[in-house]
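Peer 1: Below: sequence and its predicted model.
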Amino acid sequence: MWLPGFERSGWESAAEDPEIDSTDRQACAPAARNGGVVRPAGSSRIVVVLLLVALLSGSLGAGVAFAAPPPTPPPNPSDQQLQSSGDAVSGRAAQVAQLTDRLSALQAEAEDLQIQVAEQHESANQAQDVFTTAQSAAQAAADRADQARIETDAAGQAIDAARIRLDDVVANTYQQGIDLGPIGLLTSASGPEDLIDRAQMTDAVAAQQATALDALQRARVDKANADSTARQAQDEAEQRQAAAADAKAAADRALAAAESASDAQAQRLAQVTAEQADVQRQLDAAEDADAGLRAQRQRFDAWQAEQARLEAERQRAEAAAARARAAQEEASAQPAPRSPGPGPRPRITVPRRSGSSAVQTVIDRAMGELGVIYAWGGGTARGPSRGIRDGGVADEMGDYKKIGFDCSGLMLYAFAGVGVNLPRYSGNQHAFGEQVALSAKQPGDMLAWARNGRVYHIALYIGNNKMIEAPYSGATVRVTNVRYGGNLMPTVSRVL
């Protein structure tokens, strides 16, 4: 897009136009003095192409008409849309990365919990083994207690039998009235042999009684021992079984806690996995949308480049046609023939003409220079010329090495074809003709832009709201829409 304040008027040389002083030169090139080359605005990714208007058929005003407008371009997403789309992709990618890191941490925690569960499983298995062993020991103790009770019962029976035998001995002794003492034996014996017999019987009875008492005593001791053993075995079995039960209960609680923690971690892991999948879907959608927008931009760039190529071809053809028409007009007005084509023209004397044919000649001469490079200070009545130094942007762009036009040089050349010798400075050119209201402009009028009361750019109006101009360093002579901004002056200069 053209920016006011950047286009510059120039001059052939200080010798050719001594009225142009240094102040005028500064006013002719405000941008060159204050900041460098102004480039068309837009994204660095957009191929900036200046689409010019077709001028191939019919007539405009005095003979030029515009071709149909270029086809509708494909959608072209804005830089802001592309930036927002890229930001969305970056944001989603960052979320996915964060969730991936979180999943990794959760997965590590889950694995650790699984290890803990495995450990608690083993502890529970160990406790089960202890419990099973304790149950076996308790059963063995119970069996021993049962055996002890059997032995106790047997000892009791033995005690009862011994007591019965002792009672029988005592009863028999009592019933028989036997005096087992020494006096009884002596008094009851009928003789020595009877005494011996009685003594032997007494010994036998005493021995039997002693045996019975001894058996009774042993039976009582055995029963007491059996009872004690049975109680100890039972107590031991009960204690070991209780300890095993406690250990098993503790192991079961630890296992349940580990399994609960593992289940909770699995739920967290599932939640984050689902969240990651959702964000991944959003990332995929954002990437698809971004790819779509960038594909649109690529299609637009390709379309724009193709339109620029077609426009360049069309303008080359139009410039050739315009040069041919201008040459024919000049040939009819001047015996000396003019060779069409860019480059310096031989100096000729052209009689001044007016009317629609003169306007057409001015437009054709300007149109014949379409595509000629901008050169600050370039352009004479004979055609493009080498630019001059400005001590600023034009020097940086190498304008002094180029052969071309600046804005006022193009006007000077266009009007020279009908015998009008314009001054070199754009402000003087605008003041040269009749001042007509901008709203009443006609093809062949000159448009001017000014700032702080000083003209800094001039162009030729060719009709249909179009104009031809030499815009700025780095550009070429072109056709474009009239720019009503940038301090366009309210009047046009009508020379013809």
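Peer 2: All right, it came through fine. Keep in mind that this is a model prediction, so the values were computed, not measured. Residues are numbered from 1 along each chain as shown.

Peer 1: Report the mean confidence score over stretch 406-423.
Peer 2: Averaged across stretch 406-423, pLDDT comes to 95.

Peer 1: Oh, that last question was meant for stretch 318-326, not what I typed.
Peer 2: Here stretch 318-326 scores 82 as its mean pLDDT.

Peer 1: With stretch 202-209 instead?
Peer 2: 73.

Peer 1: Then stretch 73-82?
Peer 2: In this model, stretch 73-82 has a mean pLDDT of 90.

Peer 1: Figure out the helix or strand that the nearest residue to Gly444 once chain neighbours are set aside lives in.
Peer 2: The shortest distance from Gly444 to any non-neighbouring residue, by Cβ to Cβ, 6 or more residues apart in numbering, is to Val359 (3.7 Å). Heads up, the C-betas are built off the backbone N, CA and C, glycines and all. Assessed by DSSP states H and E, Val359 sits inside helix 356-367.

Peer 1: strand partners of the helix or strand following that helix, parallel vs antiparallel please.
Peer 2: Counting by DSSP H and E, the next helix or strand C-terminal to helix 356-367 is strand 385-386. Strand 385-386 pairs in its sheet with strand 403-404 (antiparallel), by DSSP bridges.

Peer 1: what's the helix or strand just after the partner strand packed up against?
Peer 2: Later in the chain than strand 403-404, the nearest helix or strand by DSSP H and E is helix 407-416. With contacts defined as 3 or more Cβ pairs under 8 Å, 6 or more residues apart in numbering; DSSP states H and E, helix 407-416 has these neighbours: helix 356-367, helix 426-432, strand 454-463, strand 466-469.

Peer 1: So which elements touch the helix or strand hosting Ser228?
Peer 2: According to DSSP H and E, Ser228 maps onto helix 192-333. Packing contacts for helix 192-333, counted by 3+ Cβ pairs under 8 Å, 6+ apart, involve helix 79-176, helix 182-188, helix 356-367.

Peer 1: tell me which residues in the last one are buried?
Peer 2: Neighbour counts using 16 or more other Cβ atoms under 10 Å place 357-367 of helix 356-367 among the buried residues.

Peer 1: Pick out whichever of those sits closest to Ala138.
Peer 2: Nearest to Ala138 among the buried residues of helix 356-367: Met367, at 118.1 Å, using Cβ to Cβ.

Peer 1: Relative to Gly474, how far out is the closest one?
Peer 2: Distance, Met367 to Gly474, using Cβ to Cβ, to the nearest Å: 21 Å.

Peer 1: Repeat that for Ser357.
Peer 2: 35 Å.

Peer 1: residues contacting the residue nearest the centre of the chain?
Peer 2: Nearest to the geometric centre of the chain sits Ser90, at 2.2 Å (Cα atoms, centre = their mean). Shown in contact with Ser90 (Cβ atoms under 8 Å, 6 or more residues apart in numbering): no residues.

Peer 1: quick one: pLDDT of it?
Peer 2: So, for Ser90, pLDDT stands at 90.

Peer 1: and what of Ile183?
Peer 2: 60.

Peer 1: Likewise for Gly58?
Peer 2: In this prediction, Gly58 carries a pLDDT score of 39.

Peer 1: could you give the mean pLDDT of stretch 378-387?
Peer 2: Stretch 378-387 shows a mean pLDDT of 94 in the predicted model.

Peer 1: Please disregard the earlier target; I meant stretch 100-107.
Peer 2: Taken as a whole, stretch 100-107 carries a mean pLDDT of 85.

Peer 1: Likewise for stretch 242-257?
Peer 2: For stretch 242-257, mean pLDDT is 89.

Peer 1: What of stretch 429-439?
Peer 2: For stretch 429-439, mean pLDDT rounds to 96.

Peer 1: which of the residues in it are buried?
Peer 2: Of the residues in stretch 429-439, 429-430, 432-433 count as buried by neighbour count, 16+ other Cβ under 10 Å.

Peer 1: same deal with stretch 227-235?
Peer 2: Applying a neighbour-count criterion of 16+ other Cβ under 10 Å, one finds 227, 229-230, 233-234 buried in stretch 227-235.

Peer 1: what about that stretch, distance to the chain center?
Peer 2: With Cα atoms, centre = their mean, to the nearest Å as the basis, stretch 227-235 stands 78 Å off its chain's centre.

Peer 1: Lowest average pLDDT across the helices and strands packed on helix 192-333?
Peer 2: Here these differ in mean pLDDT, and the lowest is helix 182-188 at a mean of 61.

Peer 1: coming back round to it: tell me what angle the helix holding Val359 forms with helix 407-416.
Peer 2: Helix 356-367 runs at 140 degrees relative to helix 407-416, counting by axes from the mean of the first three to the mean of the last three Cα atoms, to 10 degrees.

Peer 1: need the helices and strands packed on helix 407-416 in TSV with distance to Ser123, can you?
Peer 2: Listed next are the helices and strands packed on helix 407-416 as TSV, based on distance: least, Cβ to Cβ, whole Å:
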stretch	distance to Ser123
helix 356-367	98
helix 426-432	98
strand 454-463	92
strand 466-469	92
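
Peer 1: Of these, give the one that comes closest to Ala394.
Peer 2: Across the helices and strands packed on helix 407-416, Ala394 has its closest neighbour in strand 454-463 (13.8 Å, Cβ to Cβ).

Peer 1: Against which helices or strands is the closest one packed?
Peer 2: With contacts defined as 3+ Cβ pairs under 8 Å, 6+ apart, the packing partners of strand 454-463 are helix 22-28, helix 356-367, helix 407-416, helix 426-432, strand 446-451, strand 466-469.

Peer 1: Give the partner strands of the shortest one in its sheet and their orientations.
Peer 2: For strand 466-469, the pairing partners within the sheet under DSSP bridges are strand 454-463 (antiparallel), strand 478-481 (antiparallel).

Peer 1: if we look at it, which residues are touching it?
Peer 2: Applying Cβ under 8 Å, 6+ apart, the external contacts of strand 466-469 come out as 7, 53, 66, 363, 366-367, 370, 407, 410, 447, 457-462, 477-482.

Peer 1: Just the CA coordinates for it, please, in CSV.
Peer 2: Output of strand 466-469 as CSV, limited to C-alpha atoms (Å, rounded to 0.1, in the frame of the first residue of the first chain):
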residue,chain,number,x,y,z
LYS,A,466,-7.4,5.1,-11.7
MET,A,467,-4.1,6.9,-12.0
ILE,A,468,-0.6,6.2,-13.3
GLU,A,469,2.4,7.1,-11.2
